[in-house]
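Trainee: How does the following fold in three dimensions:
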Amino acid sequence: MAIDRKIVLENGSEFYGTGFGAKKDAINEIVFSTSMVGYQELVSDLSCIDQMVVMTYPLIGNYGITDDDFESKVPMMGGLVVREYNDSPSNFRYTKTLSEILEENGIPGISGVDTRMITRMIRNEGSQKVMITSPETPIEDALAAMKAYSIPTNAVARASCRKKWYSRTANPKYNVVAVDCGIKLSIVRCLNEYGCNVTVVPYNTAAEEILTLSPDGVLISNGPGSPKDVPEVVELVKKLRGELPIFGISLGHLIIALAYGAEAEKMKFGHHGGNHPVKNLMTNKIEITSQGHSYVIKPESIEKTGLKITHINLLDGTIEGAECECDHVFGVQYNPESAPGPQDSEYIFGKFIGNIQRRESLINA
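Mentor: Alright, predicted model coming up:
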């Protein structure tokens, strides 16, 4: 394959390879994902806005793209870096190639680079800016462009829907409002499977408007960036806590923590992959989880907030779950709707449904 693209890292390293997807220059934050499968779900996960993702698994694209497996209607990943790209998928379900989807959505990709070396750089030095560009671009120009560029802080505003939309199910038992900070479609499908009609609303929807929808519970979704960048959603949780059961996933979990007075901090290189071991402190069981985030709760800041830590990451001890039992509010840092461990979504979404049922019992008592 012809060398027609390169990436330049903020530390001055250059890697030359072959482009696929959109042929355009872009500057993003570079992170790595340890997932062996699920590249379509990752590309279409809106948590990856402004991120160029290095896949540690060497072969990507080999099963193509299927119409049913998207996590968003419009993929907005910053870029994709792979060792070996396969443009001739072998899968009876596939309808397009990965390169075709990237090109349609303006997402650049590069293959043929040393992803192991890049991953080690990120792991040792931390996430940093990266530029994908032409091989002819002088490194001085690339470094100057990255220095002048600031990663946007309006990622949630770009990821969120512009108006509310509905996902209904047969024989519904509950009505749930999902606050869209970049929601994955599989989260909505999980709620439908648990008998919930779902109303998805923009991230900046007022608490008063949500209450007019008469929900039985509220979900704060996953999404890109820092929870500090969405003070509107933090204020929303402050107003609704104690009024309705609230469940947060990934960014939503961090937003809940900030609403209770905790603080968030950026990680060195984040958690991105499908194999993170998490200990459930309520059951002492270990769960293998899917994750995609760059921020966590500061451990010392959670004291005296009323939140109880429910899960921790066994790789680095970071907080993976917290709850305020009396308010029927809880969140998890990982993605239970796509976790590879057994019945992960069942007990997490089941806990949310249980909180809704307990609230109904108290009201009707």
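Trainee: helices and strands of the protein: which one has the lowest mean pLDDT?
Mentor: Of all helical and strand segments in the chain, the minimum by mean pLDDT, DSSP states H and E falls on helix 344-364, at a mean of 87.
Trainee: for the protein, what's the longest strand?
Mentor: Ranked by residue count and defined by DSSP state E, the top strand of the chain is strand 264-280.
Trainee: Now do the domain split for this structure, please.
Mentor: Domain segmentation of the chain under automatic domain parsing yields 5-151, 156-364.
Trainee: related to what we said a few turns ago, kindly point out the strands partnered with the longest strand of the chain and how each is oriented relative to it.
Mentor: strand 285-297 (antiparallel), strand 308-313 (antiparallel) (DSSP bridges).
Trainee: Between strand 285-297 and the least confident helix or strand of the chain, find me the angle.
Mentor: Counting by axes from the mean of the first three to the mean of the last three CA atoms, to 10 degrees, helix 344-364 lies at 80 degrees to strand 285-297.
Trainee: List the neighbours of helix 344-364 that are in contact with it.
Mentor: Applying CB atoms under 8 Å, 6 or more residues apart in numbering, the contact partners of helix 344-364 are 174, 190-191, 194-196, 216-217, 219, 244-245, 247, 287, 289, 328, 330, 332, 336-339. Every C-beta, even on glycine, is put in place using the N, C-alpha and C of the backbone.
Trainee: picking that back up, which of the strands paired with strand 264-280 is buried the deepest?
Mentor: strand 285-297 (a mean of 21; mean count of other CB atoms under 10 Å).
Trainee: Helices of the protein, residue ranges please.
Mentor: 39-43, 98-104, 115-125, 139-148, 155-159, 185-193, 207-212, 231-240, 251-259, 344-364 (DSSP state H).
Trainee: Quick one: residues contacting residue 263.
Mentor: Residues near residue 263 by CB under 8 Å, 6+ apart: 257, 297, 298, 301.
Trainee: Run a quick check on residue 278 versus residue 310, I expect a contact.
Mentor: No: Residue 278 is beyond contact range of residue 310, at 10.0 Å (criterion: CB atoms under 8 Å).
Trainee: any shared contact partners between the two?
Mentor: In contact with both residue 278 and residue 310: residue 321, using CB under 8 Å, 6+ apart.
Trainee: any idea how far residue 165 is from the residue lying closest to residue 224 once chain neighbours are set aside?
Mentor: The shortest distance from residue 224 to any non-neighbouring residue, by CB to CB, 6 or more residues apart in numbering, is to residue 155 (3.8 Å). Note on residue 155: its distance to residue 165, by CB to CB, to the nearest Å, is 20 Å.
Trainee: Looking at these two, which has the bigger crowd around it?
Mentor: residue 155 (25 against 14; other CB atoms under 10 Å).
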